[in-house]
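In: got a predicted structure plus its sequence, pasted below:
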Amino acid sequence: QLQLAESGGGLVQAGDSLRLSCVVSGRPFTKNVVGWFRQAPGKEREFVAAIYWVAGTTRYEDSVNGRFSVSRDGPSNTAYLQMSRLMPEDTATYYCASGWVHNVLSEADYDYWGQGTPVTVSS
């Protein structure tokens, strides 16, 4: 069993940066990936980025590649999503998720989810 808690969302202007945090707690060895997803109003939740916890390998959705960066800190069990050059279309509630994941792009593969943190980017 894992618990995830996101923080760091807020209201920013286009072009600004924001860093989201995701603290993962619970039983060790029950996760291999921490992923970030987002859901904009009226839209389905979509994959944003993911990091393999041990190797540090990352994966990004095309629209955020080069603007967003995912990282993790092992000792604090925290994953980060550094978002730069934010655009209004990045406005969404951002969720971190984890578990023993085979397909990082598929939200069905993630067993544990945080409550979400809202990000609003004004033009």
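Out: In hand now; what should we look at?
In: bridged to the residue nearest the centre of the chain, which residues?
Out: Closest residue to the average C-alpha location of the chain: residue 36 at 2.3 Å, with CA atoms, centre = their mean. Listed by DSSP bridges, the beta-bridge partners for residue 36 are residue 49, residue 96.
In: so who does it touch?
Out: Residues near residue 36 by CB atoms under 8 Å, 6 or more residues apart in numbering: 20, 22, 47-50, 70, 79, 81, 94-97. Glycine gets a C-beta too; all of them are placed from N, C-alpha and C.
In: what is the nearest of those residues to residue 5?
Out: Taking CB to CB as the measure, residue 5 sits nearest to residue 22 out of the contacts of residue 36, at 7.0 Å.
In: let me know the helix or strand that that closest one is in.
Out: Assigned by DSSP states H and E, residue 22 falls within strand 18-26.
In: what does residue 44 give?
Out: Here residue 44 sits in a region with no helix or strand, counting by DSSP H and E.
In: adjust the sequence numbering to begin at 233 for everything that follows.
Out: Noted, 233 is the first residue going forward, which turns the last one into residue 276.
In: how about the contacts made by it?
Out: By CB under 8 Å, 6+ apart, no residues touch residue 276.
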